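**Student:** From the sequence below, what's the structure:
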Amino acid sequence: MRLWRLTAWPSKERAFDGLGSARSPGRWNQRGRPAVYAASSVALAVLEIVVQSGSAPLLGYHAYPIDVPDGLIVRFDRRRLSPAWRSVAGRDECRVFGETWRSEAAHSLGLLVPSAVIPEAYGAGDWCVVLDRAHRRWSEVAIGEPTALDLDQRIAALLAR
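**Tutor:** Predicted structure coming up:
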């Protein structure tokens with residue numbers, strides 16, 4: 001499965017250590033638990049970062065292609081979520097699901113989850129993925145060389161407002 005990770009870190013080691021999410025937890029991980037967030041498209045990854053960071057223009061960001069072997073990512077059943085899962089309060093619910101997934105003895109390397117920004121994309125083949133950097137099969141993940149993220153200047157202008 002081809003995924004994309006956007007980050008300001010130019011080094012692969014730092015971009016994939018999961019420590020940023022351990023310090024400032026995402027929707028699917030608890031504080032102190034490293035996780036690497038990625039998306040099935042660069043476009044969705046951009047939207048996720050814009051929502052998380054506010055008006056950050058994403059200058060200096062890099063797009064890393066990630067290839068994860070088939071069978072190492074499981075799909076989360078969105079029907080298990082309450083109607084409030086996208087709200088700020090709903091993050092706790094999502095974090096419980098994320099931690100439950102990670103605590104299972106035979107958990108997968110990745111958990112395919114819906115985007116809170118565009119949940120309809122989940123059924124259309126565009127999703128977010130939480131990767132467990134500590135998984136015993138992490139070495140099978142192929143991380144490509146990063147390219148500089150080159151957003152249309154109109155997007156940068158909208159974000160700068």
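**Student:** Put the alpha carbons of the worst-scoring helix or strand of the chain on mean pLDDT into CSV.
**Tutor:** Within the chain, no helix or strand scores below helix 153-160, which has a mean of 76 by mean pLDDT, DSSP states H and E. What follows is helix 153-160, C-alpha atoms only, in CSV (Å, rounded to 0.1, in the frame of the first residue of the first chain):
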residue,chain,number,x,y,z
GLN,A,153,0.5,29.8,-4.2
ARG,A,154,-3.2,30.4,-4.0
ILE,A,155,-3.4,27.8,-1.2
ALA,A,156,-0.5,29.4,0.6
ALA,A,157,-2.3,32.8,0.3
LEU,A,158,-5.5,31.4,1.7
LEU,A,159,-3.6,29.9,4.6
ALA,A,160,-1.7,33.1,5.3
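**Student:** where in the chain is pLDDT low?
**Tutor:** 54-57, 105 (pLDDT under 70).
**Student:** phi, psi of the closest residue to Leu81 other than its chain neighbours?
**Tutor:** Sequence neighbours aside, Glu93 is the residue nearest to Leu81 in space, at 6.8 Å (criterion: Cβ to Cβ, 6 or more residues apart in numbering). The C-beta positions use only the backbone N, C-alpha and C, and glycine is treated the same way. Backbone dihedrals for Glu93, given as degrees, to the nearest 10, come out at phi -60, psi -50.
**Student:** and Glu93, how many neighbours?
**Tutor:** Glu93 has 16 neighbours, counted by other Cβ atoms under 10 Å.
**Student:** What of Ala35?
**Tutor:** So Ala35, with other Cβ under 10 Å, has 24 neighbours.
**Student:** Quick test: name the residue nearest the centre of the chain.
**Tutor:** Tyr37 (2.4 Å; Cα atoms, centre = their mean).
**Student:** So the closest residue to that residue other than its chain neighbours: helix, strand or coil?
**Tutor:** The shortest distance from Tyr37 to any non-neighbouring residue, by Cβ to Cβ, 6+ apart, is to Gly26 (5.6 Å). At Gly26, secondary structure determined by DSSP: H, G, I helix; E, B strand; the rest coil is coil.
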